[in-house]
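Asks: Quick check, what structure comes out for this input:
(one chain, ligands or ions: 1)
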Amino acid sequence: MALTATDLTPRVGSQFHIDRADLLSGAHAQEIRALLVERGVIVARGMNLTDDEQRALARTLGDLRLGTVKQEGEEGLMKVTFDKTINPEYAQFFFGSQLWHMDGTYEEMPPFATLLTPRVLSETGGQTEFANNYAAYEDLPEAEKAFLDGLKVVHTMQAALFPGKPDCSVEEFALWHSYPNREHPLVWHHKSGRKSLVLSTSGSHVVGMHPAESRDLLTRLMAHAAQEKYVYRHSWQMGDLLIWDNTGTMHRVLPFPEESGRQLHRFTLNGEEPVAGVA
Ligand SMILES: [Fe+2]
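Replies: Modelled structure (predicted):
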């Protein structure tokens, strides 16, 4: 048996155990993908992957996101850090990662999954939390599921970032506002047949709903989905490999001191289906 897994919480997260060479061989890619989609986030300890190994592993699991030089330089590698000298383009936005979100809600097809490994850890804080949006949907009363089905939500960069920086400057707001908006169904009908909530701080409003009612609905659903029973909190150790399914989970990082130099290396897999479904 090359791959075994243990639940980290009942509803989300598994630790998987695999020989390092087996992991890198790609021979278990389909099992790993299946576990990832079933559990939302999966973790292997002590893998100590180099950038090249992490990239090669990503390629066995899906379509590696190369993006632009600015977004994902060095062949898909993004250095997740507050340090502007290391990642000048995106360090200014990472404060938003402390709020529950899905990545890429401004895209028709948000990324499928992301692989993270730590390079520098903070002595305090900096844990990453994942909430299972499949489980949160499945537990809703049937009448509410029926009500939510068919609703659409507009996602914006300013909705994603303003709550994290309510004292922003005029220039910062103008920059956020320059990003495109995207409308997504509130309930994702995955091609697998499963359904999940498409929740993220980037959700600005429900289309066609009174603004107050819309705010209440999105806030209430966020509170529902972020309950402890749907959340796995990952405390990082050097050597970890963590992969999350961005299409069925939200994530956030807990606060940590900026001067800690905390840095994670990230490779992302492109989305494989639009939220709006395939016609
Ligand atoms: Fe993120």
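Asks: who touches the helix or strand where Q54 lies?
Replies: Assessed by DSSP states H and E, Q54 sits inside helix 51-61. Helix 51-61 is contacted by residues 23-24, 26, 29, 32-33, 36, 49, 64, 74-77, 113, 115, 117, 241, 243, 265, 267-269 when judged by CB atoms under 8 Å, 6 or more residues apart in numbering. In this view, the C-beta of every residue, glycine as well, is placed from N, C-alpha and C.
Asks: which of the residues in that helix are buried?
Replies: In terms of neighbour count (16 or more other CB atoms under 10 Å), helix 51-61 has its buried residues at 51, 53-58, 60-61.
Asks: next one: stretch 180-199
Replies: For stretch 180-199, by 16+ other CB under 10 Å, it's 182, 184-190, 195-199.
Asks: what do you get for stretch 129-148?
Replies: Of the residues in stretch 129-148, those scored as buried under the neighbour-count criterion (16+ other CB under 10 Å) are 129-137, 140, 148.
Asks: I'd like the buried residues of stretch 180-199 written out as CSV, with secondary structure added.
Replies: Rendered in CSV, the data for these read as follows (DSSP: H, G, I helix; E, B strand; the rest coil):
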residue, secondary structure
R182, strand
H184, strand
P185, strand
L186, coil
V187, strand
W188, strand
H189, strand
H190, coil
K195, strand
S196, strand
L197, strand
V198, coil
L199, coil
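Asks: and which of these is nearest M209?
Replies: For these, the residue nearest M209 by CB to CB is L186; the value is 10.6 Å.
Asks: Now do the contacts for that closest one.
Replies: Going by CB under 8 Å, 6+ apart, L186 touches 148-149, 151-153, 197-198, 206, 221.
Asks: ok, the buried residues of stretch 180-199 vs Q15, which is closest?
Replies: Closest to Q15 out of the buried residues of stretch 180-199 is S196 (22.3 Å), distances taken as CB to CB.
Asks: Could you list which residues are in contact with the closest one?
Replies: 133-134, 136-137, 187-188, 190, 247-248.
Asks: same thing with A136?
Replies: The neighbourhood of A136, defined by CB under 8 Å, 6+ apart, consists of 196-197, 199, 221, 224-225, 227, 230.
Asks: Next: K195.
Replies: With contacts defined as CB under 8 Å, 6+ apart, K195 is in contact with 134, 137-138, 145, 187-189.
Asks: Assumed Q92 was part of a helix.
Replies: Yes - applying three-state DSSP, one finds Q92 inside a helix.
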